[in-house]
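Colleague: Here is my input; please provide its structure:
(2 chains)
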Amino acid sequence: MAQNGKGRRVAITGMGVVSPIGTGKEKFWAAIKQGECGVGPIQGFPLQDLYITIGGEVRDFDPKIHCKSKAVSLADRYSQYAAAAADEAIRQSGLEVPFQNGERAASIVGSGAGGLATMDKAYEDIFVHKKKALHPLTLLRIIGSSAAAHVSIDYGIKGPVFGTVSACSTAAHAIGLAFQLIRGGAVDVAVAGAGEAAITYGAMRAWQAMRVLSPEGCFPFSKRRNGTVLGEGAGILVLEDLEHARARGATVLAELCGFGMTSDASDMVNPDVEGPTRAMRIALADAGLSPSGIDYLNAHGTATAANDINETRAIKAVFGEHANRLPISSTKSMHGHCLGAGGGIEAVVCIQAMLEGFVPATIGFDEPGTGCDLDYTPNEGRNREIGYAMSNSFAFGGLNAVLIFGPAPK
Amino acid sequence: MDDVAEKIIVILRKNMRDQSKEVTLDTKLTDLEIESLDLAVIVFDIEDTFGIQIPYNANEEVQDFATVGSVVERVKAVLAGSQASNPA
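Modeller: Below is the predicted model of the structure:
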């Protein structure tokens, strides 16, 4: 397994998370096990005339505690979330800070939308308040590369540093590219994932205009599903060459075994079945696994009418008979759709699920939606050994990214 | 055909793949090859033209958008009931 001529093996030695159901792994995972729902009335800004008034906001983030450097404390929230999650992950890894061999390390931290809150405020200052000057940090707060740069500066990462941008697949692409960099020998360590803080008045107006948000809640694969609910936060992993991790006596949490990325080449909004099918197949081939080797699938499961049926069909195409026995769930039912950060948060879910032998539930499940007849672990999680876990991310434009995690190699 | 219906057909035509196709009140929206975000754009145009708000959820089967005639009826109903428009 994984000795398939693809290159060096890649271990996960740290993970960090900021989410609507808790900042920090401990709180987050406890909430996942309890089936807690982080979706509620939006409180971060005046709702004014919004008709979609619910979201998954991060409620326990304190910049005074969670921002470890002055620069990050002055950054946009998306960077603060990413930096806080990176700090948690790097602490867990036990790597010396600043990194001893920074030139052999990468920081690949993306964002779907970057510093939207900063942008909203800056435009208000210019166009409404006619202010004479903008804050000098405005630009740096807005751009989507700053999170990666902050992490690089705070930890002495001097190798490849940049962000990925692929809407809801941003974090998965970041993690996958970091995987390939280590496998191929360009770096030995990578901090990878994404941060997102895109629940602002302006962004909600833009999302409302697409008519895909639910006024009630996020109910993946359910009959009553009627759209997605926005979330925010960050999910970051420390990836490391396996031998590098072993040499320094690091605790290996899991192995990143496979990565598949494809595109539908079809539509900007509606997914096609072929792109996600291929992405899952490529990830399996990359991991040297057959479909029956997957023990848990963390679905993209956004609760839109389109995604859930399309994803179900793709899962059936890939897994055949095994699809009927495969435990699946969408944890977006709990933390909402964290957009660019989703793939990172969900990677943490997968790894934690494997470490504990627990399949998280899809909460809020009333009855199966038409054509959604697989096992989505409705409402209650289950204790079950998980050897290999697959995580799906399928973004606007048909951008598909699939990660496969396996147990820490003996 | 009244003014409301005429304006709506102009908007539909702008968003159709084949602008020369015949459009009557009985024409189904699906026959006009309106897909994906086209409907959201059409509704946006209609809202802007008439100064109204037409709430709908793309995840739900919207009967009001079945035919051109049903769209016209929906717009007329909103016009009859609405005061100021709220932006999308």
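Colleague: any idea how far chain B is from A:Gly288?
Modeller: Noted for A:Gly288: a distance of 37 Å to chain B, by CB to the nearest CB, to the nearest Å. Backbone N, C-alpha and C define where each C-beta goes, glycine included.
Colleague: If we ignore the residues flanking it in sequence, what's nearest the residue of the stretch 301-410 of chain A found nearest chain B?
Modeller: Here the stretch 301-410 of chain A gets closest to chain B at one residue, A:Ala305, 4.0 Å apart by CB to the nearest CB. Of all residues not flanking A:Ala305 in the chain, B:Asn59 sits nearest, at 4.0 Å (CB to CB, 6 or more residues apart in numbering or on different chains).
Colleague: Quick one: neighbours of the one you found, just the number.
Modeller: Using other CB atoms under 10 Å in any protein chain shown, the number of residues around B:Asn59 comes to 20.
Colleague: before we move on, back to that, contacts only, for the residue of the stretch 301-410 of chain A closest to chain B.
Modeller: Residues in contact with A:Ala305 (CB atoms under 8 Å, 6 or more residues apart in numbering or on different chains) are A:225-227, B:58-60.
Colleague: how close does it sit to B:Lys28?
Modeller: 19 Å (CB to CB, to the nearest Å).
Colleague: which of the contacts of A:Ala305 tops the neighbour count?
Modeller: A:Arg225 leads the contacts of A:Ala305 on contacts (other CB under 10 Å) with 29 neighbours.
Colleague: just checking, that residue touches A:Val212?
Modeller: No. Here A:Arg225 lies out of contact with A:Val212, judged by CB atoms under 8 Å, at a distance of 11.3 Å.
Colleague: which neighbours do these two share?
Modeller: A:304, B:59.
Colleague: burial count for the closest residue to chain B within the stretch 1-150 of chain A?
Modeller: At 5.0 Å from chain B, A:Asp49 is the closest residue in the stretch 1-150 of chain A, using CB to the nearest CB. Using other CB under 10 Å, A:Asp49 is surrounded by 11 other residues.
Colleague: Equivalent analysis for the one 5 residues further on, please.
Modeller: Neighbour count for A:Ile54, taken as other CB under 10 Å: 19.
Colleague: cool, and A:Thr377?
Modeller: By other CB under 10 Å, 24 other residues sit near A:Thr377.
Colleague: what pairs with the closest residue to it other than its chain neighbours across the strands?
Modeller: For A:Thr377, ignoring the flanking residues on the chain, the nearest one in space by CB to CB, 6+ apart is A:Ser329 at 4.2 Å. Here A:Ser329 sits in beta bridges with A:Asn298, going by DSSP bridges.
Colleague: and stretch A:362-373, C-alpha only, in PDB?
Modeller: Written as PDB, here are the backbone C-alpha positions of stretch A:362-373 (Å, rounded to 0.1, in the frame of the first residue of the first chain):
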ATOM      1  CA  THR A 362     -25.300  13.900   9.100                       C
ATOM      2  CA  ILE A 363     -27.500  15.700  11.500                       C
ATOM      3  CA  GLY A 364     -30.900  17.300  10.700                       C
ATOM      4  CA  PHE A 365     -31.800  14.300   8.600                       C
ATOM      5  CA  ASP A 366     -35.500  13.800   8.200                       C
ATOM      6  CA  GLU A 367     -36.000  11.300   5.400                       C
ATOM      7  CA  PRO A 368     -33.800  10.500   2.400                       C
ATOM      8  CA  GLY A 369     -34.100  12.800  -0.600                       C
ATOM      9  CA  THR A 370     -35.300  11.400  -3.900                       C
ATOM     10  CA  GLY A 371     -32.400   9.300  -5.400                       C
ATOM     11  CA  CYS A 372     -30.400   9.700  -2.200                       C
ATOM     12  CA  ASP A 373     -30.500   6.100  -0.900                       C
END
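Colleague: Tell me the pLDDT of the residue of the stretch 1-150 of chain A closest to chain B.
Modeller: For A:Asp49, the pLDDT comes out at 96.
Colleague: show me what contacts residue 25?
Modeller: Using chain A here. By CB under 8 Å, 6+ apart, the contact set of A:Lys25 is A:15-17, A:88, A:92, A:348, A:352.
Colleague: oops, chain B please
Modeller: B:1, B:5, B:67-69, B:72.
Colleague: again, but for A:Ser69
Modeller: A:83, A:150, A:153-154.
Colleague: Spell out which parts of the stretch 301-410 of chain A neighbour chain B.
Modeller: A:304-306 (CB under 8 Å from any CB of the partner chain).
Colleague: quick one: the helices in chain B?
Modeller: Assigned by DSSP state H, the helices in chain B fall at B:3-14, B:38-50, B:68-81.
Colleague: Does A:Arg325 touch A:Asp375 like I think?
Modeller: Yes. Between A:Arg325 and A:Asp375 there is a contact at 7.5 Å, judged by CB under 8 Å.
Colleague: These two - which one has more neighbours?
Modeller: Using other CB under 10 Å as the criterion, A:Arg325 and A:Asp375 rank with A:Asp375 on top: 17 against 11.
Colleague: and that one, backbone torsions?
Modeller: phi -90, psi 100 (degrees, to the nearest 10).
Colleague: Now do it against A:Phe219, distance only.
Modeller: On the measure of CB to CB, A:Asp375 and A:Phe219 end up 16 Å apart.
Colleague: Quick one: name the residues of chain B near chain A.
Modeller: B:35-37, B:40, B:43-44, B:55-60, B:86-88.
Colleague: roughly how far out does the helix or strand where A:Ser107 lies sit from the chain middle?
Modeller: Using DSSP states H and E, A:Ser107 maps to strand A:105-110. The chain centre lies 14 Å from the centre of strand A:105-110; the measure is CA atoms, centre = their mean, to the nearest Å.
Colleague: Which SSE is immediately downstream of that strand?
Modeller: helix A:116-123.
Colleague: Show me the contact partners of stretch A:371-383.
Modeller: A:32-33, A:35, A:220-222, A:299, A:301, A:308-309, A:312-313, A:315-316, A:323-330, A:357-365, A:368.
Colleague: for stretch A:46-57, same thing?
Modeller: A:19-21, A:38-44, A:199, A:201, A:204-205, A:207-208, A:213-218, A:229-232, A:335-338, B:55, B:86-87.
Colleague: Just the ones in helices from those, please.
Modeller: Applying DSSP H to the contacts of stretch A:46-57, the entries found in helices are A:201, A:204-205, A:207-208, A:335.
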